[in-house]
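>>> sequence and predicted structure below; questions after.
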Amino acid sequence: MRTPIRILLAAVPIVALSIAIPFVNRDEPRIFGLPFLLAWIAWWVLITPVFVWSIGRVERRW
Amino acid sequence: MSAVSSLGVVVAIVLGTVAFALVSVRHMKMTPQEYIVGGRGFGAVFLWVLLAGEIYTSFTFLGAAGWTYGFGAPAFYIMAYGTVGYVLGYFLLPRLWKIGKERGLLTAPDFFTARYNSRNLATFASIVHIVAIVPYITLQLSALQTFLTIAGYGAIDARLGAVLAFLLTLAFIFATGLRGTAWSSIVKDALVLGALIFVGLAIPIHFFGSPAQMFDQLRAANAHLTLDGTFSAKGTVWFISTVLLTGIGFFMGPQSNAAVFSAKDGDVLRRNAVFLPVYQLIMLLVFFAGFSAFLVTPGLTGAAVDRSFLVLVAHYYPAWVLGFVCGAGALCALVPSTALLLSVASISAKNLAGDVFGVARDDQARVLLTRVMVVVVGLFALGLWLVYSRTLVTLLLVYYNAISQFAPAYFLGFFWPRVTTAGVATGLVAGIALALIFAVGNITPFGLNPGFLALCINALLTISISLLTSKSLALEQ
């Protein structure tokens, strides 16, 4: 059931937190004083629930 | 005097938690379902508390702060991998729950009997789980000793204190089962949150003005705020492979299985996969604590690195604050220990004694034997810790690498109908053997995490042997 959309929604945060890391491995620009690398990881941890919740929407679970 | 008040707070927290959980657990007739998987009745919030309670152990906090202090940016992987684990968990856990409910599964090895119809595979999984989890329990004991040593300002024999606290925990979990773990997790999660807000926010604000100013000082001190190199030790390739390995292996511990089976339905697990990453954000506070200690008490080496932020609290804050932080820390060692003990005890009682040797197969005998095994395993871990506390760390380094090798059996088992028992058995045995060899020999080509390399070979073997064996079966028919 709409498998490609679900795989995409799951893959985006996983890729952002793994394969994308070499591209964000920087101190600048600083976000609220945090090194960009740490801010990037924290941001994706914060918004991953939106992606996972969306998978549930696509599956019409809520 | 300050030792008395800080230890007093620690003792009050531990006893208060046990008392709270004992009062809260409903007393009912114990069946194996009730004792081991909480009667499969946990709702979304209760399960959230239980999962957070057993996932975030003393090792998570001491290890993460120690890594931040010692290495800097490589520690950030700890915040990333859990999040990857939860995304994958959304797909995996409800399916695991379903087969658990339909076939009445109680333990992790039960999955191998149910999905692969192989008693041998289940027995092999049982032995691997027991060998991997016992050192993990002894590690919690070491952490407990650390918290008590610091809380007593070095004035008491913390080893004795750790033994007493652990024995109390054994008696507690003997009586309550998984519901006891869940109720005590409520107190643990709340206190840990309070303690982390203190060490992760109040400390940077107190010493540096704000976390942002702390990072400015870290830059001036040449701290590692980004990863060094691509293929180097703890470079970006290491980071990626470690996040993927530990994310894929996130729910492979047998204690996670019990939590999954305790859910009321599959949606409870899906909701938890959505909201648990939020809890993961508290790791940010642990990094702040580790970085603060790096600036305030520089130059620590060895085991002292892991307790650097506790030393800082002991130096600059009143005894009751230290007692509160160490009490929360002690719960981080004791509460996950109850889940670990239950999982090893249930595997030995159900999968080894019951399935292999044919003893204690009716409900009443099985509950009794599981309870007895909680005590036996607990005392065994305690003895092992008292005798070999140092050398066990080596075993623990490979815990995650070994336990993650179960991932292909679970993921392919649910999402690839052609996977065969022969494929899984070959991949699993090879993966665990290679994980041990790579870890002990420190074999890290291109900077890859050795466990990740083993997992890739494991998955390739599982898939290719499955293709071969399923085809030959098709030809025979």
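Received, thanks. Numbering: from 1, shown residues only, chains lettered A, B, ... in the order given.

>>> any idea how far B:Ile127 is from B:Leu352?
B:Ile127 sits 8 Å away from B:Leu352, going by C-beta to C-beta, to the nearest Å. The C-beta positions use only the backbone N, C-alpha and C, and glycine is treated the same way.

>>> and B:Arg219, by the same measure?
55 Å.

>>> the more surrounded of the two?
B:Leu352 (18 against 13; other C-beta atoms under 10 Å in any protein chain shown).

>>> now stretch B:426-442: buried residues?
By neighbour count on 16 or more other C-beta atoms under 10 Å in any protein chain shown, the buried set for stretch B:426-442 is B:426-432, B:434-436, B:438-439.

>>> and the lengthiest helix in chain A, what does it pack against?
Secondary structure of chain A read by DSSP state H shows that its longest helix is helix A:36-58. In terms of contacts (3 or more C-beta pairs under 8 Å, 6 or more residues apart in numbering or on different chains; DSSP states H and E), helix A:36-58 is packed against helix A:3-17, helix A:21-24, helix B:77-103, helix B:266-280, helix B:283-296.

>>> rerun that using 7 Å as the cut-off
Using 3 or more C-beta pairs under 7 Å, 6 or more residues apart in numbering or on different chains; DSSP states H and E, the elements in contact with helix A:36-58 are helix A:3-17, helix A:21-24, helix B:77-103, helix B:266-280.

>>> mind listing what's buried in that helix?
Across helix A:36-58, burial judged by 16+ other C-beta under 10 Å covers A:36-42, A:44-45, A:48-49, A:51-56.

>>> now the angle from that helix to helix B:266-280?
Per axes from the mean of the first three to the mean of the last three C-alpha atoms, to 10 degrees, the angle that helix A:36-58 makes with helix B:266-280 is 160 degrees.

>>> list the buried residues for stretch B:262-281?
Of all the residues in stretch B:262-281, those buried under the rule 16+ other C-beta under 10 Å are B:262-266, B:268-277, B:279-280.

>>> and it, anywhere near chain A?
Yes: under the criterion of C-beta under 7 Å from any C-beta of the partner chain, chain A is reached by stretch B:262-281 at B:267, B:270, B:273-275, B:277-278, B:280-281.

>>> rewinding a little: who's in contact with the longest helix of chain A?
Applying C-beta atoms under 7 Å, 6 or more residues apart in numbering or on different chains, the external contacts of helix A:36-58 come out as A:2, A:5-6, A:9-10, A:12-13, A:16-17, A:24-31, A:62, B:73, B:76, B:79-80, B:83, B:86-87, B:90, B:226, B:270, B:273-275, B:277-278, B:280-281, B:284.

>>> quick one, which of the residues you listed are buried?
Neighbour counting by 16+ other C-beta under 10 Å classes A:6, A:9-10, A:12-13, A:16-17, A:24-25, A:27, A:30, B:73, B:76, B:79-80, B:83, B:86-87, B:90, B:226, B:270, B:273-275, B:277, B:280, B:284 among the contacts of helix A:36-58 as buried.

>>> so who does the residue lying closest to B:Tyr90 once chain neighbours are set aside touch?
Spatial nearest neighbour of B:Tyr90, excluding adjacent residues (C-beta to C-beta, 6 or more residues apart in numbering or on different chains): B:Ala273 at 3.7 Å. When contacts are counted by C-beta under 7 Å, 6+ apart, B:Ala273 touches A:52, B:86, B:89-90, B:93.

>>> now, which of those sits nearest B:Trp238?
Nearest to B:Trp238 among the contacts of B:Ala273: B:Tyr86, at 22.1 Å, using C-beta to C-beta.

>>> my read is that that closest one contacts B:Val278, right?
No: using C-beta atoms under 7 Å, B:Tyr86 is not in contact with B:Val278, being 9.8 Å away.

>>> center of chain B - which residue?
Centroid-nearest residue in chain B, with C-alpha atoms, centre = their mean: B:Ile55, separated by 4.8 Å.

>>> in the chain, where is pLDDT below threshold?
No chain in the question, so chain A it is. Along chain A, segments meeting pLDDT under 70 span A:1.

>>> you looked at the wrong chain, it should be chain B
In chain B (pLDDT under 70), the answer is B:1, B:389-397, B:472-477.

>>> mind checking how far the closest residue to B:Leu193 other than its chain neighbours is from B:Gly82?
Using C-beta to C-beta, 6+ apart and skipping the chain neighbours, the partner closest in space to B:Leu193 is B:Ile282 (6.7 Å). B:Ile282 sits 11 Å away from B:Gly82, going by C-beta to C-beta.

>>> could you point out which element follows the helix or strand in which B:Ala330 is found?
Per DSSP states H and E, B:Ala330 falls inside helix B:319-346. Note on helix B:319-346: by DSSP H and E, the next helix or strand toward the C-terminus is helix B:363-388.

>>> could you say what helices and strands that next one packs with?
Packing partners of helix B:363-388 (3+ C-beta pairs under 7 Å, 6+ apart): helix B:32-37, helix B:119-151, helix B:158-176, helix B:319-346.

>>> nearest to chain A, out of those helices?
Nearest to chain A among the helices and strands packed on helix B:363-388 is helix B:319-346; the distance by C-beta to the nearest C-beta comes to 20.2 Å.

>>> could you give the angle of that closest one to helix B:363-388?
120 degrees.

>>> just the angle between helix B:319-346 and helix B:119-151, please?
Using the same axes, to 10 degrees: helix B:319-346 against helix B:119-151 is 160 degrees.

>>> show me what counts as buried in helix B:319-346.
Neighbour count says helix B:319-346 has B:319, B:321-346 buried, by 16+ other C-beta under 10 Å.

>>> how many neighbouring residues does B:Gly200 have?
For B:Gly200, using other C-beta under 10 Å, the count is 23.

>>> so the residue lying closest to it once chain neighbours are set aside versus B:Ala330, what's the distance?
Leaving aside its chain neighbours, B:Gly200 sits nearest to B:Leu285 (2.5 Å; criterion: C-beta to C-beta, 6+ apart). Distance, B:Leu285 to B:Ala330, by C-beta to C-beta: 19 Å.

>>> quick check on B:Ala263: phi, psi?
Dihedral angles of B:Ala263 (phi, psi; degrees, to the nearest 10) stand at phi -70, psi 150.

>>> sounds good, over and out.
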